[in-house]
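Enquirer: The sequence and its predicted three-dimensional model are supplied below.
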Protein chains: 2
Amino acid sequence: MVSVTGPARRSAGRPLNRILSQEAITRAALTLIETRGYEGLTMSSLARALKVAPSSLYNHVESKGDVLILLQDHVMTQVDVSGFETEPWEQAIRRFAWSYRDVFTRHTPLIPVIAVLPVSGAPQTLAVYEAVTRGFERAAWPEPLIVPAIIALESFIFGSAFDATAPETIFESGQLAGHYPRFTAAVSALKDNADRRQADVAFGMGLDALILGLQARAAEHPS
Amino acid sequence: MVSVTGPARRSAGRPLNRILSQEAITRAALTLIETRGYEGLTMSSLARALKVAPSSLYNHVESKGDVLILLQDHVMTQVDVSGFETEPWEQAIRRFAWSYRDVFTRHTPLIPVIAVLPVSGAPQTLAVYEAVTRGFERAAWPEPLIVPAIIALESFIFGSAFDATAPETIFESGQLAGHYPRFTAAVSALKDNADRRQADVAFGMGLDALILGLQARAAEHPS
């Protein structure tokens, strides 16, 4: 597995190879995804975009999985953790959670990667966790509850990022409506009352609930 | 896109083809996954398992994506919604959420499928939502809050299923620990206090928080 911090392997005596840094590979992969989506990201399309032979690319990353790891760590720099230094905990969590969800809504194929990737190979991801942890500590959170609270928030955020890519009509039961009358009625009741996207209503409500519930849990922890 | 309810296309005058029902395809795909994982599920391995020519298989499902849709709807039958008819809401939600997470921990490749699949083509999924909705109604939940509450719970469950497949050491910062001291300390504090798997601690804490927070939200809804 590629390590984002590790030195790139380099053929001896080939200074031209320096242009193929991990940064260059990451930038080219991001551009490909923006124009053609994740389906358009292949090792050969990436080599073409970098104007190198596929064999040169394979000197730096062994597979598309390695490229996704580089991308994942880069994408984490787009998550807004600025509130944790200055704002009250709740406000900082909201800023963090909405920005984290929005970033990964554009990059859902990275979610299965980040969810199981050891942080030791992902310095930007670690920097995000460090900033979030400091925010919890500033708010005097009990130390053993911080990591599970971050994991719970993150799990909710990842699942919500998938949901945000769903079509707005995902819950319309169509011809089967007569067989599932209560769910069909509940879907209608939401539509009648919501002027926002369904995914945003659900994310807002779940985030409010998590914040309230996590704060209650922290308050009852023996100090 | 395949519809789970739609009739299978069938070549005229080939009664033998009847064995290639959607049920048979689903069963064979499940067996393949159990023995070889999702990586071992390909259209050609599936055709071999079913003892048919790939062309026969393509008469019923157009792609591996179609097979995942069949699998997704089948897997939903394993989610435990039995509590919603008899138990208090909170207890039923806990039973539902833990079983839903455990089922999808074994089937994480289906999460990107289910998260964006319209329910109109997935009758078992609709049956689950119908049972859950009835449980919310029995507990006198305000109608417009039911669907967003279900989506929020589901998002948390899907993200947590990914987390449950992560290695237990995912948060060890290794050689980078010195650069991220507060997060490293918080990870140690969790390890010192937990006798359960990290993912289970986080899921339990997040679920408690969501339940508390969602109930508070329902209580303040104007009736």
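Expert: Arrived safely.

Enquirer: Let me see the contact set for the spatially closest residue to A:Q175 that is not a sequence neighbour.
Expert: Among residues not flanking A:Q175 along the chain, B:S120 sits closest, at 7.1 Å (Cβ to Cβ, 6 or more residues apart in numbering or on different chains). C-beta: built from backbone N, CA, C; applies to glycine. Shown in contact with B:S120 (Cβ atoms under 8 Å, 6 or more residues apart in numbering or on different chains): A:E172, A:S173, A:G174, A:Q175, A:L176, B:L126.

Enquirer: Hmm, A:L30 is touching A:L71, no?
Expert: Yes: A:L30 is within contact range of A:L71, at 6.8 Å (criterion: Cβ atoms under 8 Å).

Enquirer: okay, and for chain A, where does confidence drop off?
Expert: Across chain A, the ranges flagged by pLDDT under 70 are A:1-19, A:194, A:223.

Enquirer: Show me how it divides into domains.
Expert: Per automatic domain parsing, the structural domains of chain A span A:15-71, A:79-219.

Enquirer: if you compare the ones you listed, which one is most tucked away?
Expert: Ranked by mean neighbour count under mean count of other Cβ atoms under 10 Å in any protein chain shown, the domains of chain A are led by domain A:79-219, which reaches a mean of 20.

Enquirer: Could you export the domains of chain A as JSON lines, including distance to B:V81?
Expert: Below are the domains of chain A laid out as JSON lines (distance: least, Cβ to Cβ, whole Å):
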{"stretch": "domain A:15-71", "distance to B:V81": "34"}
{"stretch": "domain A:79-219", "distance to B:V81": "12"}
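
Enquirer: any idea whether the residue nearest the centre of chain A is helix, strand or coil?
Expert: Closest to where the C-alpha atoms of chain A average out (Cα atoms, centre = their mean) is A:F104, at 3.9 Å. Using DSSP: H, G, I helix; E, B strand; the rest coil, the structure places A:F104 in helix.

Enquirer: same thing with A:F136?
Expert: Quick answer, by three-state DSSP: A:F136 is helix.

Enquirer: wait, A:A139 sits on A:Q91?
Expert: No: taking contacts as Cβ under 8 Å, A:A139 lies outside contact range of A:Q91: 10.7 Å.

Enquirer: what does stretch A:46-53 rub up against?
Expert: By Cβ under 8 Å, 6+ apart, the residues outside stretch A:46-53 that reach it are A:L20, A:A24, A:I25, A:A28, A:A29, A:T31, A:L32, A:P54, A:S56, A:L57, A:V67.

Enquirer: Keep only these that also lie close to chain B.
Expert: Applying Cβ under 8 Å from any Cβ of the partner chain to those, one finds that nothing falls near chain B.

Enquirer: Is it possible to get those out as TSV so that each row also shows distance to A:A161 and secondary structure?
Expert: Formatted as TSV, the contacts of stretch A:46-53 follow (distance: Cβ to Cβ, whole Å; DSSP: H, G, I helix; E, B strand; the rest coil):
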residue	distance to A:A161	secondary structure
A:L20	31	coil
A:A24	27	helix
A:I25	24	helix
A:A28	24	helix
A:A29	19	helix
A:T31	21	helix
A:L32	20	helix
A:P54	31	helix
A:S56	34	helix
A:L57	29	helix
A:V67	20	helix
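
Enquirer: Can you tell me which of these is closest to chain B?
Expert: Nearest to chain B among these, counting by Cβ to the nearest Cβ, is A:V67 at 18.3 Å.

Enquirer: doesn't A:P112 make contact with the residue nearest to the centre of chain A?
Expert: No: counting by Cβ under 8 Å, A:F104 stays clear of A:P112, with 11.2 Å between them.

Enquirer: How far off centre is the helix or strand hosting A:T35?
Expert: Here A:T35 is covered by helix A:22-36, with elements defined by DSSP states H and E. Here helix A:22-36 is found 17 Å from its chain centre; the criterion is Cα atoms, centre = their mean, to the nearest Å.

Enquirer: Send over that helix as PDB, restricted to the C-alpha atoms.
Expert: Presented in PDB, the C-alpha positions along helix A:22-36 are these (Å, rounded to 0.1, in the frame of the first residue of the first chain):
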ATOM      1  CA  GLN A  22       2.700  12.300  -5.600                       C
ATOM      2  CA  GLU A  23       1.400  15.900  -5.800                       C
ATOM      3  CA  ALA A  24       1.400  15.800  -9.600                       C
ATOM      4  CA  ILE A  25      -0.400  12.400  -9.600                       C
ATOM      5  CA  THR A  26      -3.000  13.700  -7.200                       C
ATOM      6  CA  ARG A  27      -3.600  16.900  -9.100                       C
ATOM      7  CA  ALA A  28      -4.000  15.100 -12.400                       C
ATOM      8  CA  ALA A  29      -6.400  12.600 -10.800                       C
ATOM      9  CA  LEU A  30      -8.500  15.400  -9.400                       C
ATOM     10  CA  THR A  31      -8.700  17.100 -12.800                       C
ATOM     11  CA  LEU A  32      -9.800  13.800 -14.400                       C
ATOM     12  CA  ILE A  33     -12.500  13.200 -11.800                       C
ATOM     13  CA  GLU A  34     -13.800  16.800 -12.200                       C
ATOM     14  CA  THR A  35     -14.100  16.400 -16.000                       C
ATOM     15  CA  ARG A  36     -15.000  12.700 -16.400                       C
END
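
Enquirer: Identify all contacting residues around that helix.
Expert: By Cβ under 8 Å, 6+ apart, helix A:22-36 touches A:4, A:8, A:40-41, A:45-46, A:49-50, A:57, A:60-61, A:67, A:70-71, A:74, A:107.

Enquirer: Relative to B:T165, which of the contacts of stretch A:46-53 is nearest.
Expert: A:V67 (21.1 Å; Cβ to Cβ).

Enquirer: check contacts around the closest one.
Expert: Taking Cβ under 8 Å, 6+ apart, we find A:V67 in contact with A:I25, A:T26, A:A29, A:L41, A:M43, A:L46, A:V61.

Enquirer: at 10 Å what do you get?
Expert: A:2, A:22, A:25-26, A:28-29, A:32, A:41-43, A:46, A:57, A:60-61, A:113 (Cβ atoms under 10 Å, 6 or more residues apart in numbering or on different chains).

Enquirer: could you pull out the helices for chain A?
Expert: Using DSSP state H, the helices of chain A run over residues A:22-36, A:43-50, A:54-58, A:64-75, A:83-86, A:89-105, A:111-114, A:123-138, A:143-164, A:181-193, A:198-219.
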